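Trainee: Just a sequence and a predicted model for now, questions to come.
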4 protein chains.
Amino acid sequence: MTLSLTNEGKEYSGTLKRLKGSEPSPFASRMKPQMTEYWEPVPKKVEPGPYVMVPPPSDAIVLFDGKDLSKWKSRDGSEAKWKVEDGLFTVVKGTGDITTRQKFGDYQLHIEWRIPEDIQGQSQGRGNSGLFLQDLSDDLKIPDYWYEVQILDNYNNPTYVNGQAGSIYKQNPPLVNAMRKPGEWNVYDITYTAPRFNENGTLHSPARVTVFHNGILVQNNYEIRGHTAYIGMPAYKAPHGKAPISLQDHGDPSKAISFRNIWLREL
Amino acid sequence: MTLSLTNEGKEYSGTLKRLKGSEPSPFASRMKPQMTEYWEPVPKKVEPGPYVMVPPPSDAIVLFDGKDLSKWKSRDGSEAKWKVEDGLFTVVKGTGDITTRQKFGDYQLHIEWRIPEDIQGQSQGRGNSGLFLQDLSDDLKIPDYWYEVQILDNYNNPTYVNGQAGSIYKQNPPLVNAMRKPGEWNVYDITYTAPRFNENGTLHSPARVTVFHNGILVQNNYEIRGHTAYIGMPAYKAPHGKAPISLQDHGDPSKAISFRNIWLREL
Amino acid sequence: MTLSLTNEGKEYSGTLKRLKGSEPSPFASRMKPQMTEYWEPVPKKVEPGPYVMVPPPSDAIVLFDGKDLSKWKSRDGSEAKWKVEDGLFTVVKGTGDITTRQKFGDYQLHIEWRIPEDIQGQSQGRGNSGLFLQDLSDDLKIPDYWYEVQILDNYNNPTYVNGQAGSIYKQNPPLVNAMRKPGEWNVYDITYTAPRFNENGTLHSPARVTVFHNGILVQNNYEIRGHTAYIGMPAYKAPHGKAPISLQDHGDPSKAISFRNIWLREL
Amino acid sequence: MTLSLTNEGKEYSGTLKRLKGSEPSPFASRMKPQMTEYWEPVPKKVEPGPYVMVPPPSDAIVLFDGKDLSKWKSRDGSEAKWKVEDGLFTVVKGTGDITTRQKFGDYQLHIEWRIPEDIQGQSQGRGNSGLFLQDLSDDLKIPDYWYEVQILDNYNNPTYVNGQAGSIYKQNPPLVNAMRKPGEWNVYDITYTAPRFNENGTLHSPARVTVFHNGILVQNNYEIRGHTAYIGMPAYKAPHGKAPISLQDHGDPSKAISFRNIWLREL
């Protein structure tokens, strides 16, 4: 059986044959990103109450206290290069993702993020970042292997619903759209249960996540289907234990977003 | 087989025989309350951050806005008799539980409660009340049939751990003790998934509950074992749909506690 | 954004826009079937013990007792046209699927099927049929809306592993390949739990299925992701209750397969 | 608070105090066995089809092939002392439980057992034995720490329903009573998923079990509540990995039962 595809001027064709490894067929890698994006039903918009600052409890590991990024590093191991000022830090585009020095399993996480008031762009090109709940890409040497809660400006910006703020990216849309407008602080309160693997490397239990966006439930103990697949289907590709949390330097051309007040409690 | 028990001066004895109905053996009803209470391990104490008032989002059903108890009633259908003043309401001992006029299935709930600063008493006799997540006792005519998150002063008051604040009463202790001291406001943020039943009346899926106490996770998608059994074992005794939420007039001799800022979002 | 695809000589192109309805993007419908087929890892081959006939228990609903197809009908409501003889029945190609007159929710099912000894063909073109655990296509007027356990000859016939005998078709491969050789009877013993839906039509709990193939566990309480999508992603598209069980007239050019000894117990 | 109990002529009393360790209150240990036994509703009787011998598949670990007990040992490590003849083995009362030399995690198990045709006795005193799915009592030095599927003659012998054949002993009754009469062979086909524990020793996921009794589903992916507590409540008392499977020398005065054709497949 021969299949041919054209994408952005490039042509693909091939004959179906058995492959080595646990990968999908060669055709999966020729999927378009759009094939796993869906646009409806659009989550209902809910206006959250006004922002209130919630300080960490006594047993929290504070990942950012307003002063420095000493708990974070760049992917190459060097110091995190994002910019700290005024008790917050801001993505410095082109310097790459930042990732915690410490590794985590199950946890409760609090994180605040702010879209610039004068954000421009549309769909995924408007304040795009991501919170990687466990980031295995460095440890497992598998590119882009993480579980992600999307960060984006969706106050007034339609995009595919499994890619909007509060979604498990490319998997599950938020129950509602609880976004605050650009210039205001958004808050995620997250309970994360890591996946467990069998001795032979197969999956025992998938990761599960509960997300409150500005105090409003948007993910209710959702079973994560596997890693974040921009193209193709999510999968659990390899067993793992604890892993860092990362924040994404996405590279969309819009103005850089900011973060503050990040803490977690190990469960 | 003959069995005899003595409790508080009363003697019990009986011969084991088969019973009508789906009840446990006659001996279960002769259990002592203490038999389902356990005292260790004691949940670690965690100091929450200071209280912050969180206003309701736009889609919330406000069950108490500081002014009146019009959304609540007494069990006999008459007006709720607890006392409203200063934007809060306080239990009036002896007037009985209050219960919402509206019935609910799955929901996200926010509720605040305060132990009097000069509370006296110990163990279960110190600021005892209860939040009944679904209260079927009136609809099903089964006494004390509800699912309960305990309300109690445990800032400095040892009791059985599956009966302390943040526990699923007589079932599961809180993950940690996140109690604020008497006189300060405690907050529960709860996600509740109601049980589902089969056409033939058997259980399809148990109720599940996530509880944050003062912003700290204390119940993580816990599967509720059945109704709250003060004596004996929890069970799902009858199928049901939506049901009211109730607050308990417990009758312990200590000073009455107060509530405010109650809202929920139907899921 | 413009995307173009070529498939079997037909060209597709389009501009991404928001759609009505709960469907994936227009590009999902332009997925290739191969994009959701994967070929590795290949389930280990296990030789089952020899076939033994297991008669139904006293509370079974016998769906085929060797004599007639009175419990089944064609999709248009007419009598089932498959051929009964010698205590079994055989697909009559081109007469269409057959479907039970009775509808079922949760059940335990026993079914036996036999690949002709002289079967020809390869991959999906070799003894292809399907067992539809609940078939909603007629009730919901949604084409091809069912949950399917694959039936195929995979004794010595490589195909994509989530499409081989014992798989949940296009979703999950069997744990092992427990196939008997053509001419011998294969047996499925299945425990099926139907999905439950909320009042507002959303999913409360997915369908779950356990499958033994020739006495060997091949699906262990697998959570079905949604309907069987030959092209694109599985989804739960509409709420439903009980539904018929169907057997597929697949239309592959190989010789027709046979069935016998079909019974179930409602749970 | 003082509590007193009388049982079989012995008196108990005590004052409530806090205990070391994760045990229930002292009163739990004074529960009567009957307090966790319930008698109704009585599972419906279903007549299974006639017995058929099902030989093991090619990947099975055969634990008894009709010849010897070399795969088993006594609890003290000495050879298993039960009596082998005619392709089966029979409990030798007073010689103690037997337990596999190999340890297991998740598995599919087949086991056959026969009540003597001339069995006498009633309730739990009639052909009582037990299948311990994982037996930790020796490894963890915790007496009677196992997860148990009950073995008993309940063809015509009322007992508490969470103690009859096919029950998870002292936890969950069988869905139906699928018992064959004394003198005939009963068969259990079991799928067992072991519990998983967190690094800190707490429970991540409980054990789950599916049981077919004579081909009829009696436990449907039941979540085991903890160890088998003859008195008091089940609990997961300590983390563990793989463990042996055991068969119980129960000590009831009725005639000894027999076993044969035992095999499992590791999952």
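Mentor: Happy to help now that I have it.

Trainee: Could you use CA atoms for every contact and neighbour count after this?
Mentor: Fine.

Trainee: ok, and the closest non-adjacent residue to A:E37?
Mentor: Beyond its immediate neighbours in the sequence, the residue positioned closest to A:E37 (C-alpha to C-alpha, 6 or more residues apart in numbering or on different chains) is A:Y160, lying 5.7 Å away.

Trainee: For the one you found, grab the count of nearby residues.
Mentor: A count of neighbours around A:Y160, defined by other C-alpha atoms under 10 Å in any protein chain shown, yields 22.

Trainee: Check it and give its pLDDT.
Mentor: Taken from the predicted model, the pLDDT recorded for A:Y160 is 96.

Trainee: again, but for the one 4 residues further on
Mentor: Looking at A:Q164, its pLDDT is 98.

Trainee: for A:P24, same thing?
Mentor: 52.

Trainee: just the one 3 residues further on next, same as before
Mentor: Per-residue confidence for A:F27 comes out at a pLDDT of 67.

Trainee: Kindly report the same for A:M233.
Mentor: Per-residue confidence for A:M233 comes out at a pLDDT of 88.

Trainee: in what helix or strand does it lie?
Mentor: A:M233 is part of no helix or strand, with elements assigned from DSSP states H and E.

Trainee: now swap in A:G201 and tell me
Mentor: Secondary structure here is read from DSSP H and E; on that basis A:G201 sits in neither a helix nor a strand.

Trainee: what's the burial count for the residue nearest to it when sequence neighbours are not counted?
Mentor: Nearest non-adjacent residue to A:G201, counting by C-alpha to C-alpha, 6+ apart: A:P239, 5.4 Å away. By the other C-alpha under 10 Å criterion, the neighbourhood of A:P239 contains 17 residues.

Trainee: got the contact list for A:P239?
Mentor: A:R196, A:F197, A:G201, A:T202, A:L203 (C-alpha atoms under 8 Å, 6 or more residues apart in numbering or on different chains).

Trainee: any chance you could map the strands in the stretch 1-150 of chain A?
Mentor: With DSSP state E, counting those that start in this stretch as the definition, the stretch 1-150 of chain A shows strands at residue ranges A:2-7, A:10-15, A:61-64, A:72-74, A:83-85, A:88-90, A:98-100, A:107-114, A:129-135, A:146-151.

Trainee: Low-confidence stretches in chain A?
Mentor: A:1-27, A:29 (pLDDT under 70).

Trainee: how about the helices in it?
Mentor: If you assign secondary structure with DSSP state H, the helices in chain A sit at A:137-140.

Trainee: Which residues of it lie near chain B?
Mentor: Contact residues (C-alpha under 8 Å from any C-alpha of the partner chain) of chain A with chain B: A:46-50, A:52-59, A:108, A:216-217, A:221.

Trainee: Now, of the residues you listed, which are buried?
Mentor: Neighbour-count burial (16 or more other C-alpha atoms under 10 Å in any protein chain shown) is assigned, among the residues of chain A next to chain B, to A:V46, A:E47, A:P48, A:G49, A:V54, A:P55, A:P56, A:P57, A:Q108, A:I216, A:L217, A:N221.

Trainee: Which one of those residues is nearest to chain D?
Mentor: For those, the minimum distance to chain D (C-alpha to the nearest C-alpha) is 14.9 Å, reached by A:N221.

Trainee: returning to that earlier point: right, and the strands of the stretch 1-150 of chain A - which one's nearest B:M233?
Mentor: In terms of C-alpha to C-alpha, the element of these nearest to B:M233 is strand A:107-114, at 31.4 Å.

Trainee: Alpha carbons only: can I get the closest one in CSV?
Mentor: Extracted as CSV, the C-alpha positions of strand A:107-114 are listed here (Å, rounded to 0.1, in the frame of the first residue of the first chain):
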residue,chain,number,x,y,z
TYR,A,107,3.1,17.1,44.4
GLN,A,108,0.8,20.0,44.9
LEU,A,109,2.0,23.1,43.0
HIS,A,110,1.1,26.8,43.0
ILE,A,111,2.3,29.0,40.2
GLU,A,112,1.4,32.5,39.0
TRP,A,113,1.8,33.8,35.5
ARG,A,114,1.0,37.1,33.7
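
Trainee: List the pairing partners of it within its sheet, with orientation.
Mentor: Sheet pairing of strand A:107-114 (DSSP bridges) gives strand A:185-193 (antiparallel), strand A:258-266 (antiparallel).

Trainee: From the chain's centroid, how far away is the first one?
Mentor: If I follow you right, that is strand A:185-193. Its chain's average C-alpha position is 12 Å from that of strand A:185-193, according to C-alpha atoms, centre = their mean, to the nearest Å.

Trainee: and the angle for it with strand A:129-135?
Mentor: 20 degrees (axes from the mean of the first three to the mean of the last three C-alpha atoms, to 10 degrees).

Trainee: who touches strand A:185-193?
Mentor: A:51, A:105-115, A:133, A:179-180, A:207-215.

Trainee: Using CSV, write out the CA atom coordinates for it.
Mentor: The C-alpha coordinates for strand A:185-193 follow below in CSV (Å, rounded to 0.1, in the frame of the first residue of the first chain):
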residue,chain,number,x,y,z
TRP,A,185,-2.0,37.6,37.3
ASN,A,186,-3.3,34.1,36.5
VAL,A,187,-2.9,31.3,39.1
TYR,A,188,-2.6,27.5,38.6
ASP,A,189,-3.1,25.3,41.7
ILE,A,190,-2.3,21.8,40.6
THR,A,191,-2.3,18.3,42.2
TYR,A,192,-0.1,15.9,40.2
THR,A,193,0.2,12.2,40.6
